[in-house]
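# quick one, what's the 3D model for this:
(one chain, ligands or ions: 1)
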Amino acid sequence: MDKLIIQGGIKLQGEIRISGAKNAALPILAATLLADGVMTISNMPHLHDITTTMELLGRMGCELTVGEKMVIQVDSRVIREFFAPYDLVRTMRASILVLGPLLTRFGRADVSLPGGCAIGSRPVNLHLEGLAAMGANLQVEGGYIRAVANRLKGCDLVMDLVTVTGTENLMMAATMAKGVTVIRNAAREPEVVDLANCLIKMGAKIEGAGTDTIRIEGVDGLTGTEYEILPDRIETGTYLVAAAMTRGHIKLKNTQPALLEAVLAKLHDSGAELTTTESTIEIKMNKERLRAVSIHTSPYPGFPTDMQAQFTALNCIAEGTGTITESVFENRFMHVQELQRMGAQIKIEGNTAITSGVSKLKSAPLMATDLRASASLVLAGLVAEGATEVNRIYHIDRGYETIEEKLSNLGAQIRRVPG
Ligand code: EPU
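Numbers count the residues shown, from 1 in each chain. The predicted structure is shown next:
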């Protein structure tokens, strides 16, 4: 298994380009199952999760081509199977996103039930309850969701809690259902909006994406189209934190600052200077020491849970006490133990991590446990005294395109060592 070796203590400087958003690309790849024609998707990030989704579509019989700059074409007209096997779903929970499209277009789907994962139990009950309310017949047996439906029927769905992929799955299912579906308490994440925009380009009738009430009027069919994935706000935020922690000065291109207001506000509170245009963000940290910040994660437009671990790392070296409360997932503090091994002072009380900033972290061999936790360990490595070794970095490859190359371009001393 590959590992990363990071020599800490270098201020990041320079410019890099932000990749397409993983969490928009995954549902949009699933949405290709709805198209009666070829879908051409650009700004696709080159990530492990994307390759897994492509393998999943390929195993179903879809024809896929990968062009220059990761422009991906998918033709789902030649699909043979409506099956998402355990060996793929197990490695990527987002595979559940094929359930809604398969069911609404082909009337059947066999999808492995995703198991728990490092950050929490992550059930999919709301996906299933929504599809059942639309008339699907769902059985869970042998670890698989076996679903059949004649044409799904539009209905009024009130979501018990805000779920991103749940909203996406049901929105996709509703595009070809008979009649009108209303999803209330819908997720407002920018990736939900990006998926809706792509579906609208394919011919779907969707209103209200980006608000908590999405109205979808079912149509008889959707067509192939071209679509460009929006920039990754979490990748953007991660590099901004890296710059702030190393007291550097970097510029990120091809991003959208408007998607990161909660994150930019906390960076500002920590003492960083930010300058934005519509598609760039420049960050400078001139002060001697960052200030610790307090954070409470919540669904968009609140502070994203996917940026929590990175800010925990920031707080570890900042002046003062910071509190980080995780309210979306029940077990998303796996990075804390590793950061403590580097000398961080962190106390966990319930779902809150209380940090007392130290002036220096010290390098140590570390173990990555999930995607964003791994990112926080890389950030800690960038400022630690000595050479930090981050093991099991396949987690990072799921969500950060060529992280060592991008950080090297910003001057970091980081290298991948094959294991
Ligand atoms: N939940 C239920 N029942 C459901 C669905 C969700 O109880 O049927 C609970 C979850 O257990 C969790 C909360 O609702 O406590 C919110 O989970 P959500 O469904 O919104 O998460 P998700 O859709 O599985 C997506 C992202 C995650 C991101 C979360 C929250 C994708 C592919 N994944 O997951 O991204 O953390 O939304 O914003 O979009 C990551 O990129 O590192 C990542 C984990």
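
# residues of the chain that sit close to the ligand?
With C-beta under 6 Å from any ligand atom as the criterion, the chain comes near the ligand at residues 23, 26, 94, 120, 122-127, 161, 163-166, 191, 305-306, 328-329, 371-372, 399. For every residue, glycine as well, the C-beta is placed using N, CA and C.

# now which of these would you call buried?
23, 26, 94, 122, 124, 126-127, 163-166, 191, 305-306, 328-329, 371-372, 399 (16 or more other C-beta atoms under 10 Å).

# in strands, which of these fall?
Judged by DSSP state E, strands contain none of these.

# would you list every one of the helices in the stretch 251-400 of the chain?
261-269, 308-316, 334-341, 371-383, 394-397 (DSSP state H, counting those that start in this stretch).

# make CSV out of these and add mean pLDDT.
Compiled in CSV, these are given as follows (pLDDT from 0 to 100):
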stretch, mean pLDDT
helix 261-269, 98
helix 308-316, 98
helix 334-341, 96
helix 371-383, 97
helix 394-397, 91
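
# of the ones you listed, which is nearest I6?
Among those, the nearest to I6 by C-beta to C-beta is helix 371-383 (3.6 Å).

# dump that closest one to PDB, restricted to CA.
Output of helix 371-383 as PDB, limited to C-alpha atoms (Å, rounded to 0.1, in the frame of the first residue of the first chain):
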ATOM      1  CA  LEU A 371     -10.900  10.300   3.100                       C
ATOM      2  CA  ARG A 372     -11.200  13.600   5.000                       C
ATOM      3  CA  ALA A 373      -9.400  12.300   8.100                       C
ATOM      4  CA  SER A 374      -6.500  11.400   5.700                       C
ATOM      5  CA  ALA A 375      -6.400  14.900   4.300                       C
ATOM      6  CA  SER A 376      -6.100  16.400   7.800                       C
ATOM      7  CA  LEU A 377      -3.100  14.200   8.500                       C
ATOM      8  CA  VAL A 378      -1.400  15.400   5.300                       C
ATOM      9  CA  LEU A 379      -2.100  19.000   6.500                       C
ATOM     10  CA  ALA A 380      -0.600  18.200   9.900                       C
ATOM     11  CA  GLY A 381       2.400  16.700   8.100                       C
ATOM     12  CA  LEU A 382       3.000  19.900   6.200                       C
ATOM     13  CA  VAL A 383       3.600  21.800   9.400                       C
END
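
# what's the angle from that helix to helix 334-341?
20 degrees (axes from the mean of the first three to the mean of the last three C-alpha atoms, to 10 degrees).

# run the chain-centre distance for helix 371-383.
Its chain's C-alpha centre and that of helix 371-383 lie 16 Å apart, by C-alpha atoms, centre = their mean, to the nearest Å.

# could you export the lowest-mean-pLDDT helix or strand in the chain as PDB, CA atoms only?
When the helices and strands of the chain are scored by mean pLDDT, DSSP states H and E, helix 394-397 comes last with a mean of 91. Extracted as PDB, the C-alpha positions of helix 394-397 are listed here (Å, rounded to 0.1, in the frame of the first residue of the first chain):
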ATOM      1  CA  TYR A 394      -5.700   4.900  -0.900                       C
ATOM      2  CA  HIS A 395      -8.300   6.800   1.100                       C
ATOM      3  CA  ILE A 396      -6.900  10.100  -0.200                       C
ATOM      4  CA  ASP A 397      -6.800   8.800  -3.800                       C
END
